[in-house]
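[1] what follows is a predicted structure for the sequence shown.
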Amino acid sequence: MTWSPARIPDQTGRIALVTGASGGIGLETARGLAARGAHVVLACRSIRRGRAAAERIGGSTEVVRLDLTSLDSVRRAAAQVRDRHDRLDLLVNNAGVMFPPASRTEDGFEIHFGVNHLGPFALTGLLLGLMTEVPGSRVVTVASLAHRVGLGGFDADRARCAAGRRSVRAYGRSKLANLLFARELQHRLASAGAAAVSLAAHPGLSPTGLWHGDAPAGLRPVVAAGLRWLAQPPQQAALPSLRAATDPDLPGGAYLGPSGLFGSRGAPVPARSSRASRDVAARARLWRLSEELTGVRYDFPPVSVPAAEPATGVCPVTGARG
Ligand SMILES: NC(=O)c1ccc[n+]([C@@H]2O[C@H](COP(=O)([O-])OP(=O)(O)OC[C@H]3O[C@@H](n4cnc5c(N)ncnc54)[C@H](OP(=O)(O)O)[C@@H]3O)[C@@H](O)[C@H]2O)c1
């Protein structure tokens, strides 16, 4: 049977944090969770836009300022959440940028890598202590079809290289990092026997603020045509995130996306991902690099690195399809 928001179990008593909840897919994700009774923390870089979103969403919400271009802001947001709450059931790492005006973050990282990967990596590490012992708790990381154009090769020099502000590959690399992170996190949570699990989702294509960035000129006609013919509204594009966050039948490590038109639109179903996103050694290297660059170390015992994930995309830890 096709999954729809009507299948979201009652979320009363659960606390969810959604980053980038001021608009687009994040707002719809927050709305879906609040509508089923969750208390939703809207983590937004503008308190004003966050409050406006909270009014539109209704239900039980609060707003926390989070600017992922600044690790200092990430630390302050995490401290605020830890002060206010003694546990977290859901963390949806949704906020993201594509071709934004700035080329580097406050900490000197390439803007896509900094905002889309390093910021969420740090935020998750700083909040995970509120989740690891909470039964049913989940971290959902929002990736993209564009992870397929992202090549690996993560290193400190590239993380600081601003050459790719308008680069499709830089955006793709940050989204590949999202998938590698989500899977390595799942591996580490499972190895540590934590109650929390990590999943990933991608929304397909949706005409949100993401597309207002300064795209390379050659890409603009393709983008306009793609959005006209393939895209789905943000309410629909939020469904993979909502299902990943709430479907009790999904195992850790699952990756969801739209069912139709090459994954651009449709009902949320298990999605396939690139071979690079299943590179076990790359995800362990990215983890070490991310700890080094952010200064945020996850409080896990050391874990063994499995030899390889099978090419079929079946994750050895969970049995989820990749
Ligand atoms: N739309 C698509 O077709 C598509 C396709 C694939 C993947 N995605 C992914 O879906 C996620 C949501 O994107 P969207 O389409 O909903 O785009 P959007 O409408 O532009 O929303 C992005 C959200 O992220 C927030 N954000 C941007 N920079 C931030 C920062 N430095 N710190 C904190 N928050 C920040 C934005 O806040 P402001 O309101 O302050 O700008 C906004 O709330 C992203 O991870 C994106 O990569 C989208």
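    Good, I have the coordinates.
[2] quick one: stretch 241-259 to chain centroid distance?
    12 Å (Cα atoms, centre = their mean, to the nearest Å).
[3] try stretch 131-138
    Worked out by Cα atoms, centre = their mean, stretch 131-138 lies 17 Å from the chain centre.
[4] what stretches of the stretch 201-322 of the chain score poorly on pLDDT?
    Counting by pLDDT under 70, the stretch 201-322 of the chain contains low-confidence ranges at 215, 301-322.
[5] measure His212 to the ligand for me?
    Remark: distance between His212 and the ligand (Cβ to the nearest ligand atom, to the nearest Å) = 7 Å. For every residue, glycine as well, the C-beta is placed using N, CA and C.
[6] tell me how many other residues crowd that residue.
    Per other Cβ atoms under 10 Å, the neighbour tally for His212 reads 11.
[7] please list all residues in contact with it.
    If you count contacts by Cβ atoms under 8 Å, 6 or more residues apart in numbering, His212 has none.
[8] now do the SS call for Pro135.
    coil (DSSP: H, G, I helix; E, B strand; the rest coil).
[9] quick one: pLDDT of the nearest residue to it once chain neighbours are set aside?
    If the residues on either side of it in the chain are set aside, Pro135 comes closest to Ala195, at 5.0 Å by Cβ to Cβ, 6 or more residues apart in numbering. Looking at Ala195, its pLDDT stands at 94.
[10] Ala195: how many residues sit nearby?
    Here the number of neighbours of Ala195 (other Cβ under 10 Å) works out to 12.
[11] you'd agree Ser206 is up against Ala231?
    Yes: between Ser206 and Ala231 there is a contact under Cβ atoms under 8 Å: 5.4 Å.
[12] re the thing from before, can you confirm the residue nearest to Pro135 is in a helix?
    No: going by three-state DSSP, the assignment for Ala195 is coil, not a helix.
[13] for the residue nearest the centre of the chain, what is the enclosing helix or strand?
    Central residue of the chain (Cα atoms, centre = their mean): Thr141, 2.5 Å from the mean position. Thr141 belongs to strand 138-142 when assigned by DSSP states H and E.
[14] parallel or antiparallel, which strands does that strand pair with?
    Here strand 138-142 is paired, per DSSP bridges, with strand 90-93 (parallel), strand 197-201 (parallel).
[15] using CSV, lay out the ones you listed together with mean neighbour count and distance to the ligand.
    Formatted as CSV, the strands paired with strand 138-142 follow (neighbours: other Cβ atoms under 10 Å; distance: least, Cβ to the nearest ligand atom, whole Å):
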stretch, mean neighbour count, distance to the ligand
strand 90-93, 29, 8
strand 197-201, 29, 9
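[16] tabulate those strands in TSV, adding columns for distance to Ser103.
    Formatted as TSV, the strands paired with strand 138-142 follow (distance: least, Cβ to Cβ, whole Å):
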stretch	distance to Ser103
strand 90-93	22
strand 197-201	27
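[17] this protein against the ligand: which residues are in contact?
    Taking Cβ under 6 Å from any ligand atom as the contact definition, the chain meets the ligand at 19-20, 22-26, 44-46, 49, 66-69, 94-97, 115, 142, 144, 202-203, 205-206, 208-210.
[18] residues touching Val92, list them.
    Counted by Cβ under 8 Å, 6+ apart, Val92 has contacts Ala16, Leu17, Val18, Thr19, Gly26, Thr29, Val140, Val142, Ser241, Ala245.
[19] ok so, going back, could you give the mean pLDDT of the strand holding Thr141?
    98.
[20] C-terminal to it, what's the next element?
    helix 156-160.
[21] how about that following helix: buried residues?
    Arg158, Ala159, Arg160 (16 or more other Cβ atoms under 10 Å).
[22] what's the following helix or strand after it?
    In N-to-C order, the element after helix 156-160 by DSSP H and E is helix 168-191.
[23] which helices and strands does that next one pack with?
    helix 111-112, helix 119-127, strand 138-142, strand 197-201, helix 280-294 (3 or more Cβ pairs under 8 Å, 6 or more residues apart in numbering; DSSP states H and E).
[24] report all helices and strands that the longest one contacts.
    The helices and strands touching helix 280-294, judged by 3+ Cβ pairs under 8 Å, 6+ apart, are helix 119-127, helix 156-160, helix 168-191.
[25] would CSV of the ones you listed with mean pLDDT be doable?
    CSV is the format used below for the helices and strands packed on helix 280-294 (pLDDT from 0 to 100):
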stretch, mean pLDDT
helix 119-127, 98
helix 156-160, 86
helix 168-191, 95
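[26] out of those helices, the one nearest Arg278 is which?
    With respect to Arg278, and counting by Cβ to Cβ, the nearest of those is helix 168-191 at 7.6 Å.
[27] in that closest one, what's buried?
    Neighbour count says helix 168-191 has 168, 170-190 buried, by 16+ other Cβ under 10 Å.
[28] so it versus strand 197-201, what angle?
    Computed by axes from the mean of the first three to the mean of the last three Cα atoms, to 10 degrees, the angle separating helix 168-191 from strand 197-201 equals 150 degrees.
[29] next one: helix 168-191 to chain centre, how far?
    That offset, for helix 168-191, works out to 9 Å (Cα atoms, centre = their mean).
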